[in-house]
Each structure stands twice: as C-alpha cells, then as structure tokens.
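Enquirer: sequence first, predicted model second:
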Amino acid sequence: MKLVCLSDNPSKPCFILFFKGVRIMLDCGLDIKQLLHFVPLLVVPGFQVSKARSWAQGGDRRTRVPDDITQELKDCGGRLLVDGAPEFAIPETDMVELSSLDAILISSYSCMLALPYITEYTGFRGTVYLTEPTLHIGRQYMEELVKYVERNPKSAVASKWKQENIIKSLPAPLRDAINPRQWRKLYTLHDINSALSKVQLVGFSQKVDIFGSLTVTPASSGCCIGSCNWIIQSTFEKICYVAGTSTLTTHPRPMEQAPLKNADILVLSCLTQTPSSLPDPMIGEFCINAAVTVKNGGNVLVPCYASGVTFDLFECLSGHLEQCGLAGVPMYFLSPVSDSTLAYSNIFAEWLSSSKQSKVFLPECPFPHADLLAKGRLKNFSSIHSGLTTDFHTPCVLFAGHPSLRMGDIVHFIELWGGSAANTIIFTEPDFPHLDALAPFLPLAMRVCYCPIDTSLNFSQANKLIRDLRPLHLVVSETYMKPPVLEPLRNDLTIEFEPSPLTYKQGEVLSLPVKRQFETVEMESELASTLEPVEVKPGAAVSMVTASLVSRDNKYILKRLPRSVQSLKKRRSDGTVLWRKPYIFGSPSLQAIVEGLKQQGFTSLKVEENESGSIIHLMKEDSLIQVDGSSTHIICDSEDVRLRLRDVMLKCLKQL
C-alpha cells in the first residue's frame, strides 16, 4: 500500500492511494496563493492599478534583466508582480500516470478546484465521487474564478520571466516563487461542464463498490455543506481520510466520528491555517470593527468567497448591527454567482444541522439571509454593472470577491475607497496573507483589520480526535509536526501521536505499514456439500479441498472440478499411481510424547523444564528431544533410534 502526495499545500490536498490494485485520488485542491505574484485584474477594461509602474531596474548592468522580459513585470506598491494572465499551481502531474486513475474522492467544494485539470488534460477515464452540495457549490466556485479571469482578460501569458537564470535576478518574493514553470492558465467553462459530467453523487453513509476490491463510504465532516471524510475499506483493512473537518456546531451537519474509529491508517489534512485564532472571538471582532466603521460614516469592505463562512457573517453581522441601532445600514453581496449560491443554500436542508433543518418544517428558510433579502437589508448583484450603481447607498458593508485581491469587484472598491481613513477593509479568509494581498495597493489610507475565521480542526481538537479514533498509524503533513515559524516555542501547535506519525510532502511516496495477509474466498454450494470436516479441536473442524479457484471482478470463488478432471490421478514416472500422503498437524503434548516413548521401550527418561519449553533426555540411547511451543527437535546419532523416535512423534500428531 502506497500514498503519493501531489500538493505542496496541506490545506489544498491531493493524494493518490495505491491499494489492492486500485488507484484512488483523494481530493484535487488548487493552490491559488500563486495569484499574489500577479498584477490585479481591474473590472473596467483599459484601466490599470493606480500604483502599477514600469519596473526601473537598478544595480550592475551585467545582472540586469533584458527589456523584453521587464515588459512582463510591473512595480506595484514596491513589489514586483507579473503583468500577464493569472496562473495557478496545479497538483503534480508527472509522478503518476493520471489516466490510470480508477476514482477520485472529493471531500468538499474547497478541495476540488483543480478537478478540470485532472479530468480533461490527462486522459482520465474513471469516476468522481462527491455529495450533491459539493457538486453544485464547487461548480459555482469554479465558474466564479473563470468569470473573474475572462471578464477583463490579459492578452497573453507571461512566460519569459520563468527562465531559471532570470528568476535568480528578480527581487523577492517573486524570486522565491515555487515551480513557476508548472503553473497553468485557468480552465474554461467548457472544461468545468465536461469535468462535472464524470461525477457520481453519493450520500452520507452510502457504500460505493470500487471494482469489487474496495468499498468507499462518505461520512459527514461538519466543516461545510456537504463536506465529508472518506472511509476506504477492504474485507480486512480500513483506511480513513480526514480532510476539512470541524467539531464546532455551525450550519452544516455535525461530524460523524463512529465510522472513523479503529482504522489501520488515518490520513489527516486541512487543519486550521490560523492555529492562534479561534473562530468565535474573530467573528465578534469582525462585527465590532464593522459596526464602529459604519457608525462613524465609513464603508466596510469584506473580501470573501461566494459561500461558506460568508453565510455565517451575514447572520452574525445583521444581528450585531440591530443591537447597535444600525439596522438600516445596507449590506451588499457582489459575486457572478451570488444568485445561485444564496438560492442553493436554502434547498440543501437535509445536509444542514438539526437546528437549521427544523426551520424548514415551520416553514422558514434555514438561513436568515433569505429574510434579509426580502426586507432589503441584504442586496446581491452579479457585478458593479448589474444595477448596483442605481441602488447603492453609503455607509454600507460590501461583501465581494476575490479574497486574493487580484481579481473581481473587490479590486475596484479598494481603488475607490482606499484613499479614505473612514473606510475599513476586514479580511476573514485565511487562505491568503492579508499584507501580501494588499501589497499592490499600498500605501492605503483606509483602515485594515485581520480577523481570520477558520472553522477547521485546530491542533488541540485534532489531537483529541486522534485519541478518540485510535488509529494504528497516523499520516500527517510534515508542517504539522513542528510549531509555526512565527511561534517556534508553541509545541502545543503540533500533532502528538505514538508511534511517531508518518509525514508527507509534495513529491513524496509513502509506503504505508499495512500488509495484506488475508483474502475472502467464497465456496459454491455444490462443492461445500461434498466436504467431510474432521474435528481437530472443540469447535474447529478441517477438511481437505480440491477445487478450481475462479477470480473475477476481484472476487474469488472455489468451484467444483469437472468430472473429467476429478477422475485423473497423479502417477509416478513409471506409471504407477501416486497415493496421496496424509497431512499431519497439531502440537504434541509433553505427556503424550513421554507415554509414547515408554510404550516403545524407552525407559531411561529424564524430563527437564526451561523457559522456552521442555527437554526429554534419553540417557541409555544418549539422545535429546527438545519441545517448545512451535517446534520439536530430535538430536540423535543412531539411525535406528532416530526412526523409532520419529514414529513415536507421528503417533502423537493428528492426520488428515
């Protein structure tokens, strides 16, 4: 059994599991942090970021970058960025022949954004398994990315700067970009539709057979709507894949722990990206900062995704504004897929927590944003061009994408509001370092707040969960085994497990410590009726079987031999029939051996006990018999005596 890690980011995982001849990909996350190396895409065509300048090189002329390459780069707020079509770090595709994959298991919509790269460009012919909410919300995430990129596209991909000798001459952080040659342009809407046509929907606890070798079962992970952990089982082995899990009580169905217990292997990924920040205090800080800003006449800008924590922020912020007497402050939600995300969240009742489900039967909408939309307190728009300008009032709270600040309507509003100290931008998504995201727009007059909200397992919760699940072996990212770089003394922010966990990193192949020892074999009824079992000990019987072993669809069946074969007998080279020798089995007792020796005329016996077993000394014959739990040894110089002792031992054993 082997596990291959294809992703450099443990929060956007991608693995391939080799088990019982089956190749299964676990998630296919897309690392979009590479967007931070690109110039932001503005909403209005023809405009540029106000602080974008041509790169003025300094230093020795001999180390200067050629002019045709500098045209691909821009100086934005003192940081060198690539002025070209955005590119993304896809999972490693050269280590394994991806066309041979049998299945892809998706744990959540945030871990499937690289799916079109896998299914459309590698010859993939397998099946993708995911839940219904994951399918629909994942589609919206992918479509939102495509629409952001295609709305104001760059004319060409910047590639000349990726040459090794050029990268070394560039200033940090662009110089430290990881494998830029492996970055790829974003897929298209056609790719998304084609990729999602290969999916098979599954429900929690539904068992899915993979070619008769394995059974895979999703179990609720409690992190987001439709998110799940996967249990991968054969008849005798069990592997659990835990990704994007939360033990908090929020809007998704709570996590199921029972199916994950007592696994041979537990693969753990997607722990919190903000181990020092708890979600509840961060949500409280977010609401306070937003309320203070709008109370003072300023506007609040919230970079966000189209789903997930954004729905919780609508609920918490609207309630807090009411308590502060600011119920009249409008909230705007801008996203190319805002209509569908708000609608879908209200129709997935069976995938929500019990408190949310109960509202459906009242009948009420499970999420309060439906009521906010009806009352006009929350208004959603697909872009700034779709009626926002005619129905826009300040002060307000504006939720818009993309959290990287490199695309989407958020870029326009940073340019619009960034010059006023009355306004505030509040970062809640943990996927991007907020200072790196803001770098192209610095210096900014607007106030900046960082309130990262990550409901995934923190290290304390993860260690408790591991103790409760009791796996035989644990597999985690090597980054989880050491404290964060900024807090080197926080040993509590690490995974603790005995024996020491196996660790993974991109490009590494792990041999998992699980060996297949048994296989299930069925027997047809006709063959079973011919057997004559012999009892070898109370409650256990044995029978000899001569049959044909048929293997089909990874299932094994013993079938009765044809009559023409049954009549055949083994013969010696001279043609005489070779009689079947009896099968000898059992463990002879010391008392039985002694009695047998006395019956054969061995009278001068001396028995000694030791730690490993017993020794019978035949003093007259000058021979020894050593008996332990698993073997018997006869030490004798006389051939005649040895044969007599052999016959005694055979009589002490059972035969078939």
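Expert: Yes, it's here. Since we're looking at a predicted model, the values are computed, not measured.
Enquirer: and S269, how far is that from G212?
Expert: S269 sits 28 Å away from G212, taking CB to CB, to the nearest Å as the criterion. Every C-beta, even on glycine, is put in place using the N, C-alpha and C of the backbone.
Enquirer: er, K375 actually
Expert: Applying CB to CB to K375 and G212 gives a distance of 55 Å.
Enquirer: what about these two, which has more around it?
Expert: Remark: of K375 and G212, G212 carries more neighbours, 13 against 10, as counted by other CB atoms under 10 Å.
Enquirer: distance of the nearest residue to that one once chain neighbours are set aside from I210?
Expert: Excluding the flanking residues, the one nearest G212 by CB to CB, 6 or more residues apart in numbering is N554, at 3.7 Å. As defined by CB to CB, N554 lies at a distance of 9 Å from I210.
Enquirer: look at those two and report which has more neighbours.
Expert: Per other CB under 10 Å, whichever of N554 and I210 has more neighbours is I210, with 22 against 16.
Enquirer: I figured the residue nearest to G212 hits F211, correct?
Expert: Yes - between N554 and F211 a contact is recorded at 5.7 Å, counting by CB atoms under 8 Å.
Enquirer: where in the chain is pLDDT low?
Expert: Under the criterion pLDDT under 70, the flagged ranges of the chain are 45-48, 58-63, 357, 359-364, 366, 564-581.
Enquirer: give me the domain ranges for it.
Expert: 2-40+59-273+456-504, 279-450, 521-567, 584-655 (automatic domain parsing).
Enquirer: the ones you listed: which one's closest to P513?
Expert: domain 2-40+59-273+456-504 (5.5 Å; CB to CB).
Enquirer: picking that back up, what sits against the residue nearest to G212?
Expert: K20, G21, F211, G212, S213 (CB atoms under 8 Å, 6 or more residues apart in numbering).
Enquirer: any idea how far A374 is from it?
Expert: 54 Å.
Enquirer: now I90
Expert: Distance of I90 to A374, computed by CB to CB: 42 Å.
Enquirer: name the residue in these two with the higher neighbour count.
Expert: The neighbour comparison of I90 against A374 (other CB under 10 Å) goes to I90, with 24 against 10.
Enquirer: what's the burial count for the closest residue to the more buried one other than its chain neighbours?
Expert: Nearest in space to I90, with sequence neighbours left out and distances taken as CB to CB, 6+ apart, is Y117 at 4.7 Å. Y117 has 22 neighbouring residues, counting by other CB under 10 Å.
Enquirer: which SS class is Y117?
Expert: Look at Y117: counting by DSSP: H, G, I helix; E, B strand; the rest coil, its state is helix.
Enquirer: equivalent analysis for the one 3 residues further on, please.
Expert: Applying three-state DSSP to E120 yields a three-state assignment of helix.
Enquirer: please name the residues that touch it.
Expert: Going by CB under 8 Å, 6+ apart, E120 touches Y187, D191, S194, A195.
Enquirer: quick one: which of those is nearest A327?
Expert: Y187 (42.4 Å).
Enquirer: phi and psi next, for that closest one.
Expert: With angles defined as degrees, to the nearest 10, Y187 sits at phi -70, psi -180.
Enquirer: buried sites along stretch 8-25?
Expert: 8-20, 22-25 (16 or more other CB atoms under 10 Å).
Enquirer: which among the domains of the chain is found nearest to V514?
Expert: Comparison of those against V514 by CB to CB identifies domain 2-40+59-273+456-504 as nearest, at 4.9 Å.
Enquirer: so what's the gap between that closest one and the chain middle?
Expert: In terms of CA atoms, centre = their mean, to the nearest Å, the centre of domain 2-40+59-273+456-504 is found 7 Å from the chain centre.
Enquirer: just stretch 614-626 next, same as before
Expert: For stretch 614-626, the distance to the chain centre is 62 Å (CA atoms, centre = their mean).
Enquirer: from here on, call the first residue 45.
Expert: Sure thing, new numbering starts at 45, so read that last one as stretch 658-670.
Enquirer: buried ones in that stretch?
Expert: Neighbour count says stretch 658-670 has S658, I659, I660, L662, E665, S667, I669 buried, by 16+ other CB under 10 Å.
Enquirer: once you drop chain neighbours, what's closest to the fourth one?
Expert: Of all residues beyond its chain neighbours, the one nearest L662 is F646 (5.6 Å), with distances taken as CB to CB, 6+ apart.
Enquirer: distance of the closest residue to H429 other than its chain neighbours from D480?
Expert: Among residues not flanking H429 along the chain, V87 sits closest, at 8.0 Å (CB to CB, 6+ apart). For V87, the distance to D480 (CB to CB) stands at 21 Å.
Enquirer: out of the two, which sits in the busier spot?
Expert: Just comparing V87 and D480: by other CB under 10 Å the higher neighbour count belongs to V87, 21 against 15.
Enquirer: and that one, what is it in contact with?
Expert: If you count contacts by CB under 8 Å, 6+ apart, V87 has them with R195, N196, S427, I428, H429, G452, D453, V455, H456.
Enquirer: thinking again about what came up before, surely the residue nearest to L662 is within a helix?
Expert: No - counting by three-state DSSP, F646 is not part of a helix but coil.
Enquirer: correct me, but it touches E665?
Expert: Yes - counting by CB under 8 Å, F646 touches E665, with 6.9 Å between them.
Enquirer: roughly how far apart are the residue nearest to E131 when sequence neighbours are not counted and L74?
Expert: In space, and not counting its chain neighbours, E131 is closest to W227: 3.8 Å by CB to CB, 6+ apart. According to CB to CB, W227 and L74 sit 11 Å apart.
Enquirer: so for these two, which sits in the more crowded spot?
Expert: L74 (27 against 20).
Enquirer: packing partners of the helix or strand where I454 lies?
Expert: Taking DSSP states H and E as the criterion, I454 maps to helix 453-461. Applying 3 or more CB pairs under 8 Å, 6 or more residues apart in numbering; DSSP states H and E, we find helix 453-461 packed against strand 344-347, strand 441-444.
Enquirer: Throw the ones you listed into a markdown table and include distance to I150 and mean neighbour count, thanks.
Expert: Formatted as a markdown table, the helices and strands packed on helix 453-461 follow (distance: least, CB to CB, whole Å; neighbours: other CB atoms under 10 Å):
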| stretch | distance to I150 | mean neighbour count |
| --- | --- | --- |
| strand 344-347 | 25 | 26 |
| strand 441-444 | 26 | 25 |
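Enquirer: S382 is nearest to which of those?
Expert: strand 441-444 (9.0 Å).
Enquirer: centre of the chain versus that closest one, how much separation?
Expert: Here strand 441-444 is found 31 Å from its chain centre; the criterion is CA atoms, centre = their mean.
Enquirer: partner strands of it and their direction?
Expert: Paired neighbours of strand 441-444 in the sheet (DSSP bridges): strand 344-347 (parallel), strand 375-378 (parallel).
Enquirer: which other residues reach that strand?
Expert: Against strand 441-444 from outside (CB under 8 Å, 6+ apart): 334, 338, 343-348, 354, 357-358, 361, 373-379, 452-454, 457.
Enquirer: residue ranges for the helices of the stretch 595-700 of the chain, please.
Expert: Ranges of helices within the stretch 595-700 of the chain are 607-610, 634-643, 683-695, based on DSSP state H, counting those that start in this stretch.
Enquirer: out of those, which gets nearest to P527?
Expert: Judged by CB to CB, the one of the helices of the stretch 595-700 of the chain that comes nearest to P527 is helix 634-643, at 59.0 Å.
Enquirer: what angle sits between that closest one and helix 683-695?
Expert: 130 degrees (axes from the mean of the first three to the mean of the last three CA atoms, to 10 degrees).
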